[in-house]
Structures are given as C-alpha cells and as structure tokens.
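**Q** sharing a model prediction with you, sequence too.
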Amino acid sequence: MKKPLIMGILALFGISCSQKNSSDENSMLLWEDDYLMVEIMSSKNLEYALNETGRISEFAEKHSDGNGFSEITAIKEKPIETKQLEINENDFVELLNSVGIKKYPKLTYAGIGEPQIIENSKTKAFGSHSSAIFYDGENNKIEHIWFSTYDWKNIQKTKIADGLNAIGEKYDMIMVDFASEEVIDLKKKSEIEKYLKTE
C-alpha cells in the first residue's frame, strides 16, 4: 500500500496523519499517535503479524463508509514482547552508532496541547532528517522499538535502512507496519529498501 493511503487506515484508529518535518534537525518529533504503529519485534511473532495485519485490513474494508470508518479496532497483544528478549540498551545504542546512526539530542512531544521539548525521557530516538528508530525501556533493558518518519522524500539520505538491517541481523527481528499492512524481514536489506522507497 502506498504511504499516502496510510492516512485512511490510521483514521481507523482515530489517528490523523501529519507530514510535517521537524524544523530543528537536533530534535525529533515524538508523536503520541505514532507509538508502535510501525513496530519492530521478534521474528517469532511473524505468524501473529501476518494474521493481525490481515485482520485489520478486513476490518477496515468492512467498516469503511467512503468518508472514514464507522468502527475502530485495537491491535491485539503479540505473543512475545520485546522486553522478554532482554536487549541490553548499551549494546543496542552501540549497534546503531556502529552504522552511523546518532541520537537526537532532543525530543519534541506532540500529544494533547502544544508540542513541547521533553528531557530525561525513557524514550530515545536515533536517526536524522526527521526519521528515527525509537525505543523505550528501563534499567538498561529495552521494552519497545518502533520506527517513524515525517520526511519520506529524504529518508534515503539517512542511515535508517542500515540501522534496521543491523537490528534484524543481531536480534532476529521483523518490522510490522499496522497502517500499511506490511511485514518486513529486517534481515533482508532489499525488503527494507523497498519499504522505505514506497511513498
């Protein structure tokens, strides 16, 4: 599915889609509604990912009224949570740095009310050009990982594809875009590049 059509699927979850780029290259937008919409998870969840994206697609078709959606549905819990993998945060950061992906110094949180800079957040973002690999966690253990971008046109200028591939190879992970109904094997660079080139 082409990325501009994601807006229609996002509406299924009561989400609007912003194409704005961050005006500050040192800050990444942490948009509340983006949380885990493009989630990076264990490849052992592959069957779940295929079934769930299929279920959401069928639900969207059934409840579409031409202008939006008459019902909403929640994403079901996955069998294996990322926190169960016990990924060490220091090792994860070192992996991203090794392929040239650096941490955003600031995060701009957008939820209810005006966007605001947040400090000392347990959520971190690595990337550039308004694209990032996010993660959160506590006690040096990662609990969730996800991807987000607000600049599809310039994503090829980033090292995001290398970072996603490195994560896939080291931790045997897949990426699930619940909006566009895509499941990407992060061990395959070709699948990552195809996904990132689809606008």
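**A** Cool, the structure landed.
**Q** low-confidence ranges, this structure, go.
**A** For the chain, the stretches with pLDDT under 70 are 1-24, 63-70, 198-199.
**Q** name the helix or strand for the closest residue to residue 81 other than its chain neighbours, please.
**A** Leaving aside its sequence neighbours, residue 81 sits nearest to residue 143 (C-beta to C-beta, 6 or more residues apart in numbering; 7.6 Å). All C-beta spots, glycine's among them, are computed from the backbone N, C-alpha and C. Taking DSSP states H and E as the definition, residue 143 sits inside strand 141-149.
**Q** what residues of that strand count as buried?
**A** Neighbour-count burial for strand 141-149 flags 142, 143, 144, 145, 146, 147, 148, 149 (criterion: 16 or more other C-beta atoms under 10 Å).
**Q** so which of those residues comes closest to residue 184?
**A** Nearest to residue 184, judged by C-beta to C-beta, of the buried residues of strand 141-149 is residue 147 at 9.6 Å.
**Q** who's in contact with stretch 38-52?
**A** Stretch 38-52 is contacted from outside by 75-76, 78-80, 82, 84-85, 133, 144-148, 164, 167, 171-179, 183, 185-187, using C-beta atoms under 8 Å, 6 or more residues apart in numbering.
**Q** give the buried residues for it.
**A** 38, 39, 40, 41, 42, 43, 45, 48, 49, 52.
**Q** now the residue nearest the centre of the chain: closest residue in space that isn't a chain neighbour?
**A** The structure's the chain has its C-alpha centroid closest to residue 147; by C-alpha atoms, centre = their mean the separation is 2.5 Å. Among residues not flanking residue 147 along the chain, residue 38 sits closest, at 4.5 Å (C-beta to C-beta, 6+ apart).
**Q** phi, psi for the one you found please.
**A** For residue 38, the backbone dihedrals are phi -120, psi 90 (criterion: degrees, to the nearest 10).
**Q** so what sits opposite it in the bridge?
**A** residue 177 (DSSP bridges).
**Q** same check on residue 148?
**A** With DSSP bridges as the rule, residue 148 is bridged to residue 132.
**Q** picking that back up, surely the residue nearest to the centre of the chain meets residue 158?
**A** No - assessed by C-beta atoms under 8 Å, residue 147 is found out of contact with residue 158, at 11.2 Å.
**Q** what's the overlap in contacts for these two?
**A** residue 131.
**Q** buried set for stretch 29-40?
**A** For stretch 29-40, the neighbour count (16+ other C-beta under 10 Å) marks 29, 30, 31, 34, 35, 36, 37, 38, 39, 40 as buried.
**Q** out of those residues, which comes closest to residue 98?
**A** When these are compared against residue 98 (criterion: C-beta to C-beta), the nearest one is residue 40, at 17.3 Å.
**Q** helix, strand or coil: sort out the closest one for me.
**A** Under DSSP: H, G, I helix; E, B strand; the rest coil, the three-state class of residue 40 is strand.
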